[in-house]
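1. have a look; sequence and predicted model below, questions after that.
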Amino acid sequence: MRVITVAAAQMGAIQKEEEREEVIARMINMMDQAHRANANLIVYPELTLTTFFPRYYMEDLLEINTWFENDMPNASTQPLFKKAKTLGMAMTFGYAELTSDGHHFNTSIHVDATGIIVGKYRKVHLPGHSEFDPTRSFQHLEKRYFKPGDLGFPTYRTLDGIFGLCICNDRRWPETYRCMGLQGVEMITLGYNTPSVNSQKNEEGRAKRQFHSNLVMQAGAYQNSTWVVGVAKAGDEDGHDMCGGSVIINPEGEIVAEAKTDNDELLLHSCDLDDTIFGKKTIFDFARHRRIEHYSRITSQIGVKFPPKS
Ligand code: CDV
């Protein structure tokens, strides 16, 4: 048995005017709760430190940069790192990263119980658009504010297991899970900011959004025999309702813990990494069953090419 007690720390709404320090106080509060429940890993959402700012159209680079972190840890997040180290708690969280050479990424890190960053990921599948789109009921400007991640889908060893990170829209793409599955991943932690309504199809509401979110994460978990911890931002951010519905999913694709509110809420589950072994040795034993001679399209082609008309 290799049991990790995971705390999925769903965050309720963060308003535009809220300072990072206020958010970090909430994160620390949940970390304290997680510690009292004997958790050893706490997982926070995508862009945890602020509201989901890509909904706002901005042109001024100085204004845009106010949403980004130049260093990690920095003055604002230092108390969080300090608390985690004091409690011996590992954590993953997302933030907007501005590199020293001026590149903007949507990033997540895994910090171990001693305060060392052992895993870092930059979001590969950026949804949305780069220019103001008047046809949408609200904006989703990730393609404007971030570059696609340049680190691939790395995995790393920590907590006696093999871990990986991805971020929000990445969860909808089977390639995300398979790239980590091919490295033997045993637990994927991911954060998401999913509005309750589709900005291009207003009749697609929360129930459908939640269904799709669970569908892709459950499939990714099962098909790669890995734990998946999906942690949401929830509640009403300045009039924009976020989906919530954080989940912990076992390697058989079953939901074992699920958020019940749209607030700051901790889900706890003891996850045995050895539960990943059976699936990896049987139906999803990649070495025995994959047929890569038929998969070249996946890496050589981006869009659809239809068969010729007869
Ligand atoms: N932050 C995200 O990546 N959100 C996307 C969009 C499409 C809503 C998502 O996949 O949930």
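-> Arrived safely.
2. now do the strands in the chain.
-> Assigned by DSSP state E, the chain shows strands spanning 3-10, 41-43, 90-98, 104-111, 117-122, 155-158, 161-167, 187-192, 227-232, 234-237, 240-243, 247-249, 255-258, 265-272.
3. the ligand is nearest to which of the ones you listed?
-> Taking Cβ to the nearest ligand atom, strand 187-192 is the member of the strands of the chain nearest to the ligand, at 5.4 Å. For every residue, glycine as well, the C-beta is placed using N, CA and C.
4. now the angle from that closest one to strand 117-122?
-> In terms of direction (axes from the mean of the first three to the mean of the last three Cα atoms, to 10 degrees), strand 187-192 departs from strand 117-122 by 50 degrees.
5. can strand 187-192 be said to contact the ligand?
-> Yes: using Cβ under 6 Å from any ligand atom, we find that strand 187-192 touches the ligand at residue 192.
6. residues near residue 65, how many?
-> Residues within reach of residue 65, counting by other Cβ atoms under 10 Å, total 16.
7. ok, it touching residue 99?
-> No: Residue 65 is not in contact with residue 99 according to Cβ atoms under 8 Å; the separation is 11.7 Å.
8. mutual contacts of the two, please.
-> The contact sets of residue 65 and residue 99 do not overlap (Cβ atoms under 8 Å, 6 or more residues apart in numbering).
9. skipping adjacent residues, who's closest to residue 26 in space?
-> residue 264 (5.6 Å; Cβ to Cβ, 6 or more residues apart in numbering).
10. per-residue pLDDT, that neighbour?
-> What the model reports for residue 264 is a pLDDT of 98.
11. and it, what is it in contact with?
-> Contacts of residue 264 (Cβ under 8 Å, 6+ apart): 9-12, 26, 29-30.
12. mind putting the strands of the chain into CSV with mean neighbour count?
-> What follows is the strands of the chain, written out as CSV (neighbours: other Cβ atoms under 10 Å):
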stretch, mean neighbour count
strand 3-10, 24
strand 41-43, 28
strand 90-98, 24
strand 104-111, 24
strand 117-122, 20
strand 155-158, 18
strand 161-167, 25
strand 187-192, 28
strand 227-232, 28
strand 234-237, 20
strand 240-243, 21
strand 247-249, 26
strand 255-258, 16
strand 265-272, 18
